[in-house]
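Visitor: here is my input; please provide its structure:
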Amino acid sequence: MALVGENDSAGSAPSSVPPEAESAQVTELLTQFPGADTAPAILVVSRSDGEVLSEADLAAAQQALDRTAVAAGTDAGSPPLVPAPDGKATLGLVPIDSSLSGFTLDDLVTSLRTAAVDGLPDGLDAQVTGGPAFGADIANSFSGANFTLLAVTALVVAILLIVTYRSPVLWLVPLLVIGFGDRVATSVGTALAEVTGLSFDGSTSGITSVLVFGAGTNYALLLISRYREELRAESDHRRALARAVRHAGPAILASNATVVLALLTLLLAILPSTRSLGALAAAGLVVAAVFVLLVLPPLLALFGRKLFWPFIPGPDDRDTATSGAWFSIAAAVSRHPARTASITIVALLACAGALFGTGIGLSQTEQFRVTAESVEGFETLSEHFPAGLADPTTVVGKTDSAAEIESVLAADDAITSFTRGADSGTGLTRWSVVSDSPPASEEAFAVIEDLRGALKDIPDAEALVGGSDAQALDTSDAAARDRLVVVPAILIVVLAVLLVLLRAVVAPLVLVGTTVLSALAALGIGSWVSLHIFGFPALDDNVPLFAFLFLVALGVDYTIFLVTRTREETPGHGTRSAIVRAVGATGGVITSAGIVLAAVFCVLGVLPLITLTQLGIIVGLGILLDTFVVRTLVIPALFTLIGPGIWWPNTFDSSSTELVGQKE
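Guide: You can find the predicted model right below:
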């Protein structure tokens, strides 16, 4: 008996399967069958005390099912209840429009749940679960999410900007510019969706807003930091601002181009949600850079030097390139580069080792960080009904090969029962297949793979396997494929940008290597924290790829800020002194930018989906690791050890501002 409909499109999760996946093909074929325009929500009724349901309880449960059917607008009435073998629960199906999604679906499921419990006797629990209910709960998790995420992000950025600038007014200018840029980026994303046909869900929009705020704030910090530095030597604030834009602009553009190109590599993915994030986030970051470079400077010029009140920059301010805490740290590193490099690299390798044994893949019931009725109802079903009965697998094949298909199903020891459904009228037949494996488990995936392999051996049957477990398996396989394709593409893009920017070979290789090591260490620490401190069962399929992308691309942001300053200082001071001066000059702004970006990513934790919480944990920790360890210790140590050879095949003359063919 099929307790869950084969077409659960009404309740699709944020991570959808590729259209060419077998489960997606099954979903498409099911549109040819009767009832394809509906998807069943499941009402499960049980006693709060866990006792066997009485006749009166069953009668009350039937009344609850009738009320939900009325709320769903079902004219044909509700089908009879299906009691659990242990008698402690019963369930019924409520067909609803399968085309509903988002908040419209959430409103309908909410009305079903209200109708189910309205008038229910004390001691009985009624829960609505199934594909549409999961989709509704996911949509509900984003109810008000845009406002909440935007408000918390803006608050975090405002607090950190106030602490950074120690000014009651300066922080308002970049925050307003970036906030307006985020709104424009949202409009650009909407237009992009219409042009490309890509669909964007709440998680994609949330991640994009975080990227726009985080990267935009970083760009603003770099520009304003250089502006403050120029104001110490220039009395005319407009000339100082022009020089700041001239010096900081190329680094901002290079940084932005790196992240945008890295995001565009996601278009090589086959998971639709991954491709959508790449397009939307790339467009958002282009908007962020445009606003920082074209809108922020005129506002800074309008307010002038007084914008920094009460700490207005002047000629008496100390030169951070030759004094201060960050200069002292860099100087200490330069005195012991081998020791510093070896200790920190070994520590990063140890952190990366925590990745071994980390599970990847969350089931449908493991998506939420907070309580969701769809999950609780599914757990109730699993307790009282045979494993797999609540969410059966769907097989679709040619009607002419029905006997051979049923022979394969009957011969599979892992399949406890199967039911033949109605024919499509187009030469296809479908079966509802129940296995003895828990949903979304490794055992269930093995059943899907074995069944697909056996059905492919039937000549001309064209049998396909779909359903929730098949979708989860296809999503996991697609995510693994995307990691193999996109991760190398990200590294190639980052390396190419650094090669063009620095016009050197050794430095880009060193920088990419340290950035990758830092990203792997962050993934190791973050996954350990996610699993052992927060208690999440595994990493979501998309988290490793997204986290690696953000850690590498955004980590290179700070690399570009630091190394372009080192390159600027090298002709006059030599490579070893230049890296110390660069750390001293940029240490404050890189630290501020890193803390801002880490805090902004942690804001993703306000949303109740485990995927976004895990992404916030890993990227937040990784950015702090990158800021305080890689940029402060590892890179200065390696630059000191390698010396002038870091710029090979070019060298700098210590008295010239141009690249020359002489040794330092």
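
Visitor: which helices and strands sit right next to the helix of greatest length in the chain?
Guide: When the chain is parsed with DSSP state H, its longest helix is helix 468-502. Counting contacts by 3 or more C-beta pairs under 8 Å, 6 or more residues apart in numbering; DSSP states H and E, helix 468-502 packs against helix 22-29, helix 237-264, helix 272-290, strand 393-398, helix 442-456, helix 506-528, helix 543-573. For the C-beta atoms, the positions are set from N, CA and C on the backbone; glycine is no exception.

Visitor: who touches the first one?
Guide: By that I understand helix 22-29. 6-7, 9, 17-18, 394, 396, 424, 428, 452, 464-467, 470-471, 473-474 (C-beta atoms under 8 Å, 6 or more residues apart in numbering).

Visitor: which neighbours does whichever helix or strand comes after that helix have in its sheet, and in what orientation?
Guide: Per DSSP states H and E, the first helix or strand lying C-terminal to helix 22-29 is strand 38-47. Here strand 38-47 is paired, per DSSP bridges, with strand 89-97 (antiparallel), strand 124-129 (antiparallel).

Visitor: quick one: mean pLDDT over strand 38-47.
Guide: What strand 38-47 shows for mean pLDDT is 86.

Visitor: before we move on, what about stretch 158-174?
Guide: pLDDT averaged over stretch 158-174 gives 79.

Visitor: three-state assignment of residue 431?
Guide: With DSSP: H, G, I helix; E, B strand; the rest coil as the basis, residue 431 sits in strand.

Visitor: contact partners for it?
Guide: Counted by C-beta under 8 Å, 6+ apart, residue 431 has contacts 394-396, 405-406, 409, 418-421.

Visitor: same thing with residue 489?
Guide: Counting by C-beta under 8 Å, 6+ apart, residue 489 has contacts 265, 268.

Visitor: check contacts around the residue lying closest to residue 491 once chain neighbours are set aside.
Guide: Among residues not flanking residue 491 along the chain, residue 512 sits closest, at 6.3 Å (C-beta to C-beta, 6 or more residues apart in numbering). The contact partners of residue 512, taken as C-beta under 8 Å, 6+ apart, are 491, 494-495, 498.

Visitor: swap in residue 106?
Guide: By C-beta under 8 Å, 6+ apart, the neighbours of residue 106 are 136-137, 139-140, 143.

Visitor: now list the buried members of the contacts of helix 22-29.
Guide: Among the contacts of helix 22-29, the ones that count as buried by 16 or more other C-beta atoms under 10 Å are 6-7, 9, 17-18, 394, 396, 424, 428, 452, 464-467, 470-471, 473-474.

Visitor: where does the stretch 551-664 of the chain have low pLDDT?
Guide: Applying pLDDT under 70 to the stretch 551-664 of the chain flags residues 652-664.

Visitor: buried ones from the contacts of residue 106, can you make that a PyMOL selection?
Guide: Selecting the buried subset of the contacts of residue 106 in PyMOL, with 16+ other C-beta under 10 Å as the burial test, is done by:
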select buried, resi 136+137+139+140
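
Visitor: which among the contacts of residue 106 gets closest to residue 441?
Guide: Distances from residue 441 to those, taken as C-beta to C-beta, are shortest for residue 137 (21.3 Å).

Visitor: can you give me phi and psi for that closest one?
Guide: phi -70, psi -40 (degrees, to the nearest 10).

Visitor: how about it, what does it touch?
Guide: So residue 137 contacts 106, 109, 368, 372-375 (C-beta under 8 Å, 6+ apart).

Visitor: which of the residues you listed has the weakest pLDDT?
Guide: Ranking the contacts of residue 137 by pLDDT puts residue 368 at the bottom, with 71.

Visitor: just give me the neighbour total for that one.
Guide: Other residues within reach of residue 368, judged by other C-beta atoms under 10 Å, total 18.

Visitor: could you number the chain from 2 rather than 1 from now on?
Guide: Sure, I'll start counting at 2 from here, so that last one is residue 369.

Visitor: hmm, residue 376 and it touching each other?
Guide: Yes. Using C-beta atoms under 8 Å, residue 369 and residue 376 qualify as a contacting pair, with a distance of 5.9 Å.

Visitor: who wins on neighbours among the contacts of residue 432?
Guide: So for the contacts of residue 432 (other C-beta under 10 Å), the most neighbours sit at residue 396, 29 neighbours.

Visitor: any idea how far that residue lies from residue 386?
Guide: 20 Å (C-beta to C-beta, to the nearest Å).

Visitor: how about residue 273?
Guide: For residue 273, the distance to residue 386 (C-beta to C-beta) stands at 32 Å.

Visitor: residue 25 now?
Guide: 27 Å.

Visitor: if we can go back for a sec, with neighbour count, distance to residue 165 and pLDDT as added columns, please give the contacts of residue 513 in CSV.
Guide: Shown next, in CSV, are those (neighbours: other C-beta atoms under 10 Å; distance: C-beta to C-beta, whole Å; pLDDT from 0 to 100):
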residue, neighbour count, distance to residue 165, pLDDT
492, 18, 32, 91
495, 25, 27, 88
496, 18, 32, 90
499, 25, 27, 87
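
Visitor: now, among these, which is nearest to residue 289?
Guide: Among these, and counting by C-beta to C-beta, the member closest to residue 289 is residue 495, at 18.7 Å.

Visitor: my guess is the closest one meets residue 556, correct?
Guide: No. Applying C-beta under 8 Å as the test, residue 495 and residue 556 come out as separate, 9.1 Å apart.

Visitor: now the common contact residues for the two.
Guide: In contact with both residue 495 and residue 556: residue 516, using C-beta under 8 Å, 6+ apart.

Visitor: on that earlier part again, now the angle between helix 544-574 and the longest helix of the chain, please.
Guide: 10 degrees (axes from the mean of the first three to the mean of the last three C-alpha atoms, to 10 degrees).

Visitor: list the contacts for residue 531?
Guide: 537, 540, 614-615, 618-619.

Visitor: where's residue 252 relative to residue 376, distance?
Guide: Distance from residue 252 to residue 376, by C-beta to C-beta: 47 Å.

Visitor: tell me the pLDDT at the residue nearest to residue 492?
Guide: 90.

Visitor: what about residue 122, how many residues nearby?
Guide: 12.
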